[in-house]
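1. One predicted model, sequence on top.
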Amino acid sequence: MISEYNRFIGCDAEFEEAEYVLFGAPFDGTTSYRPGARFAPAVMRRESYGIETYSPYQYTDITDCRVFDAGDLELPFGNTERVLEMIEHMTSKIITRDKKPVMLGGEHLVTLGAVRALVKKYPDLRIIHLDAHADLRDEYLGEKLSHATVMRRCAELVGMKNIYQFGIRSGTAEEFHFGRIPNPIFGLEQIDEEIENTLFVAEDSPVYITLDLDVLDPSVFPGTGTPEHNGCTVSEILAYTMAFADLNVVGFDVVELSPPYDPSGISTAAANLILREMFIYYSEYNRNRTIDEDDELPFDELPM
């Protein structure tokens, strides 16, 4: 069942005409430090009316991207496997209608439910993972299903060689070894080189992008359950996610906003901006259009 909801700004397409179907997975039942991510989908929708539908970065409006907002799943407390089954079922319903799922977490474990569905349709699925944490533990506190194990479980479905991780700066020695994760990369040129390698390898494959918002530095994004310093800026995340726009992106998620830890609302505002831009980056509308000279803003003529 889908609960009553307010739509994310600009996501008012009818289901039949939609390219994307947005839904929320308000679950944080395995959060090990600071819970609260279950509130993110509702808060993001409400606060989305503080931004515009138009992107001045891409000269495109989200209303051109044909997004249907399906609201939030009503997920049970205390039954993690049932939660994942419900997310998998929702994702399956979306992709069997040849639409692209976009999920709002919730904690990062919700990604596993979506990947379980997607890998059945796309056996050669690749995953691009932006995060502060490796999430590659085999178990955490005796549990196989955890936000700290989600990418390990995904690796069991798609193969570790088909997961490309960016921004990782926290994890155990075993996680870094298992994931072949290099020492934390903070030089932009080095990150650009890693992205170029990913674009080359994944060029013709279906790609799912999972964005854990704690990849952002807590100085610009304090509203998350497990903040980790020395992270990215919002501008950098926009650049990195834009770099994947030419790939065959079959869905994506945005997870781990925890609104209670940022009363100022700047974290939610950042999450909404990033979500709007990702919709536009990966939309058929944006891929098929060309920017005319008339679209370009005459910055040279502005008074300084």
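-> That came through fine. Numbers count the residues shown, from 1 in each chain.

2. Now that residue 260 has come up, it's in contact with residue 36, right?
-> Yes. Look at residue 260 against residue 36 with C-beta atoms under 8 Å: they come within range, at 4.2 Å. (Glycine included, C-beta is placed from N, CA and C.)

3. These two: which has the busier surroundings?
-> Between residue 260 and residue 36, counting by other C-beta atoms under 10 Å, residue 36 is the more crowded of the two (20 against 14).

4. tell me the contacts of that one?
-> By C-beta atoms under 8 Å, 6 or more residues apart in numbering, residue 36 lies in contact with 28, 225, 258-261.

5. what about the stretch 201-304 of the chain, any weak spots by pLDDT?
-> Segments of the stretch 201-304 of the chain classed as low confidence (criterion: pLDDT under 70) are 290-304.

6. What segments of it are strands?
-> 206-212, 248-255 (DSSP state E, counting those that start in this stretch).

7. Quick one, which of those strands gets closest to residue 107.
-> strand 248-255 (6.6 Å; C-beta to C-beta).

8. so where's the stretch 51-200 of the chain uncertain?
-> For the stretch 51-200 of the chain, the ranges with pLDDT under 70 are 182-190.

9. hmm, try it at 80
-> In the predicted model, the stretch 51-200 of the chain carries pLDDT under 80 at residues 180-193.

10. Would you map the helices across it?
-> Using DSSP state H, counting those that start in this stretch, the helices found in the stretch 51-200 of the chain span residues 80-96, 110-121, 150-158, 173-178, 188-201.

11. For those, give me JSON lines that also has distance to residue 8 and mean neighbour count.
-> Below are the helices of the stretch 51-200 of the chain laid out as JSON lines (distance: least, C-beta to C-beta, whole Å; neighbours: other C-beta atoms under 10 Å):
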{"stretch": "helix 80-96", "distance to residue 8": "16", "mean neighbour count": "19"}
{"stretch": "helix 110-121", "distance to residue 8": "17", "mean neighbour count": "23"}
{"stretch": "helix 150-158", "distance to residue 8": "24", "mean neighbour count": "21"}
{"stretch": "helix 173-178", "distance to residue 8": "33", "mean neighbour count": "14"}
{"stretch": "helix 188-201", "distance to residue 8": "27", "mean neighbour count": "13"}
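
12. so what's residue 269 up against?
-> Per C-beta under 8 Å, 6+ apart, neighbours of residue 269: 47, 50-51.

13. Great, nothing more from me.
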